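Chemist: Pasted the sequence and its predicted model underneath.
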Amino acid sequence: MFLGYLLSFVYLGIYWNNHHHMLHTCRKVTGPILWANLHLLFWLSLIPFVTGWLGEHHASALPTALYGLILLMAAIAYTVLQRTIIASQGRHSLLKAAVGEDWKGKVSLLLYLTAIPTAFIYEWVSDALYVLVALLWLIPDRRIESVLDPTEPSEPPR
């Protein structure tokens, strides 16, 4: 039960950090950005509920799959917010320059889409895929840091 809580806490922290970075690329916040942001918040607000259900019924297929569905929907909402920001900022969008083709976002969506049906066969594989996605995003997105202040090195000196 504690591991499920810990994973959910890590996910919320990842979204918090990357959301903070992403919004620093905005020159102006528009109505569509606010609505896309609210859409993301809705899915993130469901994480405590599904985490509780998963904790009560660990190693059960349905809560494991639903946990993945909520993570998938949050990832889709984050992608929508990201694209809304890029569209509002125009062709010289700092965010577009930072994320490029967004391979991490695409891989994350693919892993969630794999994990959800897998929960009905091997719950532990789904859980491992959820952990893998969290590991992909654990460090705040340095691509954004590099476009915000290109004079700063993306790696700290050693």
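Modeler: Nice, I can see it.
Chemist: So for residue 16, what's the pLDDT?
Modeler: For residue 16, the pLDDT comes out at 91.
Chemist: what does the one 4 residues further on give?
Modeler: Confidence at residue 20, expressed as pLDDT, is 86.
Chemist: And for residue 158?
Modeler: In this model, residue 158 carries a pLDDT of 40.
Chemist: secondary structure element for the residue nearest the centre of the chain?
Modeler: The chain has residue 75 as the residue nearest its centroid, 4.7 Å off, counting by CA atoms, centre = their mean. Using DSSP states H and E, residue 75 maps to helix 61-89.
Chemist: Could I get the full set of helices for this protein?
Modeler: Applying DSSP state H to the chain gives helices spanning 2-23, 31-45, 47-56, 61-89, 94-99, 103-118, 123-137, 142-148.
Chemist: Of those helices, which shows the lowest average pLDDT?
Modeler: With a mean of 71, helix 142-148 has the lowest mean pLDDT of those.
Chemist: can you list the residues that contact it?
Modeler: Contacts to helix 142-148, defined as CB atoms under 8 Å, 6 or more residues apart in numbering, come from residues 21-22, 24-25, 94-95, 97-100, 152, 154. C-beta: built from backbone N, CA, C; applies to glycine.
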